[in-house]
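# for reference, the sequence and a predicted model appear below.
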Protein chains: 2
Amino acid sequence: MYCFGVDLGGTTVKMGLFQDDGCLLDKWEIKTRVENEGEAILPDIAASIKEKMEQMHIEKEHVIGIGLGVPAAVVNGAEVMETTNLGWGYKAVKRELEELIGISVRVENDANVAALGEMWQGGGKGYNSLVMVTLGTGVGGGIIVNGRILSGKNGGGGEIGHLVVQPDETDKCGCGKTGCLEQYASATGIARLARRKLAGNQTETVLRAEGVTAKDVFDAVKAGDAVAKEIAEEFGAYLGYALSNVGAVLDPEVFVIGGGVSKAGEILLDYIKKYYVEKAYNTCENAEFVLAQLQNDAGIYGAAKLVLAPDKE
Amino acid sequence: MYCFGVDLGGTTVKMGLFQDDGCLLDKWEIKTRVENEGEAILPDIAASIKEKMEQMHIEKEHVIGIGLGVPAAVVNGAEVMETTNLGWGYKAVKRELEELIGISVRVENDANVAALGEMWQGGGKGYNSLVMVTLGTGVGGGIIVNGRILSGKNGGGGEIGHLVVQPDETDKCGCGKTGCLEQYASATGIARLARRKLAGNQTETVLRAEGVTAKDVFDAVKAGDAVAKEIAEEFGAYLGYALSNVGAVLDPEVFVIGGGVSKAGEILLDYIKKYYVEKAYNTCENAEFVLAQLQNDAGIYGAAKLVLAPDKE
């Protein structure tokens, strides 16, 4: 038996064909056509899956289902109310895609789906309750409790990037509020911390060039740069404190750290754990921290897992 | 059919006999004997339940089970690793009580049990996912997701009182760390905010007496006292911000506010909601806030519910 895992992003749709034992047989991408309120997106996905099935001689009866991760809050594994970068307003995603292709579909938020993927075949393998934090352009989060995605009433569960960590902040977050974790721990947030640090002191550092990035900061940390280390401490304090609060709420088994920033490697976990342990409540201070492993494939793995072990809520 | 709900506290054990339709038939209390490492506690509970069954002519076959809330982190609905005020170290509570009485037992943390009780028959009735916050001597928390208690890996789920809300705090929380929500939003925390406020200004206020309490503060708020209102704003800011972070993690349907401080009534919710909405992420900013309704009976109701609709994790 087979299933498809689909990771729908604002520019590309990543797709994977899996065996039901978790083996990835094939993966490919198509363009996300957001024009005309994204009306072509679901038909394009359906057509691409049909084409793959013909090419591989797979009959409909042998496909368990299609899992789909979307960059939006998802309600009831089926519907989105609005999207910021697909052109969709309200959309009954599950029903529409099922009507197009005649195969069972389940939809969830992409960050939650990535968390499920990492639990199934990535850094969180062997765990049952985890928190995934994706440090990219923004900070995404996904929560799995007892093997199930925690999506919340409005699909807003796991929005860890919007934990308020600095009530005194004056700059606005993309969400419109101020002081969100994303403003300090995303790639752009780390670059912002760096610019603030450089503006406020004259210490010699390799970072004093145009357009400092999060990667520059952690490369400089590894090279022993003192200013870069101070910036990494600030990053670690914001993220470590925030995750200690997530720990007090959820008491998870493990935190899985992914996204572009996580390419810095184990040193990143050291900065986070240092501050996590300082503030974590006793019962959860031994939570583990691991790096994500599936990178850009976490979404297709997690989406496939959605239909392999459906949430029986 | 019947069941028993038992709420084990450090000084008394509250007990309730329920019909399986949720009707409370009888409730009573016994003393908690903590001496000799609390060795008498479970035998006392078993004896009291047996006595009640004889008195009411209830046969063992007609008892679905006994639910027990304990003031400790609980693992697997069965065991505690340590307790701070029962005298117990590690204890296989479920197994021991089952051996004493021959009826199925399920054990959970008391704050989580109270949350379940409020969802079943109290302020959270009709909801499926809620966060209960108990503002008493400390700040307790209980989380229900899709009708199930979220207890976490080590039984530390829902420890909302130990969210760090003030990283710069120098006073220590009872847990040994600094800056926990409990230091600002519990009855003792509010009194502490009041003492700090009074020490720092000379404005006339009815609060300038010996031993100001949380009740004094909210009574003065209702009487229009300006200083008391400032203290209530501080309390609201700490609790509202903390709950906005809980909201970003869980996206619950409703926050249920209980404990002695909640006797201040609806005005308390106004102070909390004001700051919650200011910092809450978009998807969860419409969460509802209600007052708890079961007061001291929340524990026996929730404990009974544990065995009526057992968590099948």
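Received the coordinates, thanks. Residues are numbered from 1 along each chain as shown, chains lettered A, B, ... in the order given.
# spell out, range by range, the helices that occur in chain A.
Counting by DSSP state H, one finds helices in chain A at the ranges A:35-38, A:41-55, A:93-101, A:110-121, A:182-185, A:187-200, A:214-222, A:226-250, A:266-279, A:298-308.
# with distance to chain B and mean neighbour count as added columns, please give those in TSV.
For the C-beta atoms, the positions are set from N, CA and C on the backbone; glycine is no exception. Output for the helices of chain A, formatted as TSV (distance: least, Cβ to the nearest Cβ, whole Å; neighbours: other Cβ atoms under 10 Å in any protein chain shown):
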stretch	distance to chain B	mean neighbour count
helix A:35-38	20	13
helix A:41-55	22	17
helix A:93-101	17	19
helix A:110-121	11	28
helix A:182-185	10	26
helix A:187-200	16	18
helix A:214-222	22	20
helix A:226-250	4	24
helix A:266-279	5	18
helix A:298-308	17	28
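# in CSV, list the ones you listed along with mean pLDDT.
Formatted as CSV, the helices of chain A follow (pLDDT from 0 to 100):
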stretch, mean pLDDT
helix A:35-38, 94
helix A:41-55, 97
helix A:93-101, 97
helix A:110-121, 94
helix A:182-185, 96
helix A:187-200, 93
helix A:214-222, 95
helix A:226-250, 96
helix A:266-279, 96
helix A:298-308, 95
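# want to throw those into CSV with distance to B:Val212?
CSV is the format used below for the helices of chain A (distance: least, Cβ to Cβ, whole Å):
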stretch, distance to B:Val212
helix A:35-38, 59
helix A:41-55, 61
helix A:93-101, 55
helix A:110-121, 46
helix A:182-185, 37
helix A:187-200, 41
helix A:214-222, 48
helix A:226-250, 29
helix A:266-279, 29
helix A:298-308, 53
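# out of the ones you listed, which is closest to B:Gly67?
Ranking the helices of chain A by their distance to B:Gly67 (criterion: Cβ to Cβ) puts helix A:226-250 first, at 23.1 Å.
# grab the nearest non-local neighbour of the residue positioned nearest the centre of chain A.
With distances taken as Cα atoms, centre = their mean, the residue of chain A nearest its centroid is A:Ala111 (3.5 Å). Sequence neighbours aside, A:Gly140 is the residue nearest to A:Ala111 in space, at 3.8 Å (criterion: Cβ to Cβ, 6 or more residues apart in numbering or on different chains).
# equivalent analysis for A:Glu288, please.
A:Val254 (4.4 Å).
# hang on, that neighbour packs against A:Gly126?
No: contact criterion Cβ atoms under 8 Å: A:Val254 and A:Gly126 do not qualify, at 9.0 Å.
# the more surrounded of those two?
A:Val254 (22 against 8; other Cβ atoms under 10 Å in any protein chain shown).
# quick one: that one from B:Asp26, how far?
Distance, A:Val254 to B:Asp26, using Cβ to Cβ, to the nearest Å: 45 Å.
# same thing with A:Leu150?
Distance from A:Leu150 to B:Asp26, by Cβ to Cβ: 38 Å.
# dump the residue contacts of A:Glu182.
Each residue near A:Glu182 by Cβ atoms under 8 Å, 6 or more residues apart in numbering or on different chains is listed here: A:Gly138, A:Val139, A:Gly161, A:His162, A:Cys173, A:Gly174, A:Cys175, A:Gly189.
# with A:Ala303 instead?
A:Phe4, A:Gly5, A:Val6, A:Asp7, A:Gly16, A:Ile66, A:Gly67, A:Leu68, A:Gly69, A:Glu108, A:Val113, A:Gly117.
# apply 6 Å and report the result again.
A:Gly5, A:Val6, A:Asp7, A:Gly67, A:Leu68, A:Gly69, A:Val113 (Cβ atoms under 6 Å, 6 or more residues apart in numbering or on different chains).
# verify the contact between the last one and A:Gly67 for me.
Right, A:Val113. No: checked against Cβ atoms under 6 Å, the pair A:Val113 and A:Gly67 is beyond contact range at 7.2 Å.
# can I assume A:Tyr241 is in contact with A:Lys279?
Yes: counting by Cβ under 6 Å, A:Lys279 is a contact partner of A:Tyr241 at 5.2 Å.
# what touches both of those two?
Jointly contacting A:Tyr241 and A:Lys279 under the rule Cβ under 6 Å, 6+ apart are B:Val164.
# closest one to A:Asn76 among the helices of chain A?
When these are compared by Cβ to Cβ, helix A:93-101 sits nearest A:Asn76, at 8.4 Å.
# quick one: residues in contact with the closest one.
Applying Cβ under 6 Å, 6+ apart, the contact partners of helix A:93-101 are A:Leu42, A:Ala46, A:Ala78, A:Val80, A:Val105, A:Val107.
# re earlier: looking at A:Leu150 and B:Asp26, which has the bigger crowd around it?
Ranked by neighbour count (other Cβ under 10 Å), A:Leu150 and B:Asp26 place A:Leu150 first, with 23 against 12.
# need the pLDDT of A:Ile160.
At A:Ile160, the pLDDT value in this model is 95.
# pull the contacting residues for it.
A:Val133, A:Gly141.
# how close does it sit to B:Glu182?
Going from A:Ile160 to B:Glu182 by Cβ to Cβ gives 22 Å.
# ok, A:Gly147 next?
Separation of A:Gly147 from B:Glu182 (Cβ to Cβ) stands at 31 Å.
# fine, thanks again, bye for now.
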